[in-house]
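got a predicted structure here, sequence first:
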Amino acid sequence: MEKKVEALLWSIALPGFAQLLSRSYVKGVLFIGLEILINVQANLNTAIVLSFQGLTREAVQQTNYLWLMFYPCLYLFVIWDAYKDASDPPKAYMFLPFVCSAYITTVGVTYSSKAMMGVVLGPIWLPILSIFLGLAVGFAIRRMVIAKGGENL
């Protein structure tokens, strides 16, 4: 359990760190490189700073959404990969909460520039809040698949 928590927390801090800790150096460097590339191209750090300062309109204007669309899938895939590698044995269908979060968070990114939601939540807060919805949906689907005898699906 401790190994899984450590992997999750390092991956949340910076995608790729948990892979480096588990000695998956190629994956770790690749994930860190992709994170930096997408982060820089999307102006993500600027959007984070502006969002935390309550300057949501400015954050929306500074964000490159064509690049930001890649971030949720990369971020959640790297976290899942770290969790999977730290799990022994891996739990059945545990990828579902991560996949659902990636999908729903990407939708959150898409709508975060709209005046109604974007002005209030913007490119950082709406996607972050979407993660929790994605996790809830993913865990619910996982429970249903397991209850239906998921090994036959």
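Nice, I can see it.

what about Asn43, neighbour count?
19 (other Cβ atoms under 10 Å). Where C-beta positions appear, they are placed from N, C-alpha and C, glycine not excepted.

enumerate every residue touching the nearest residue to it once chain neighbours are set aside.
What sits nearest to Asn43 in space, not counting adjacent residues and going by Cβ to Cβ, 6 or more residues apart in numbering, is Gln62, at 5.0 Å. With contacts defined as Cβ atoms under 8 Å, 6 or more residues apart in numbering, Gln62 is in contact with Asn43, Thr46, Ala47, Leu50.

ranking the residues you listed by neighbours, who comes first?
Neighbour max across those (other Cβ under 10 Å) = Ala47, 25 neighbours.

phi, psi for it please.
phi -60, psi -40 (degrees, to the nearest 10).

for it, give its distance to Ile79.
According to Cβ to Cβ, to the nearest Å, Ala47 stands 20 Å off from Ile79.

Phe132 too?
14 Å.

which one's more surrounded, those two?
Between Phe132 and Ile79, counting by other Cβ under 10 Å, Ile79 is the more crowded of the two (21 against 12).

quick check: nearest residue in space to that one, chain neighbours excluded?
Ser11 (4.3 Å).
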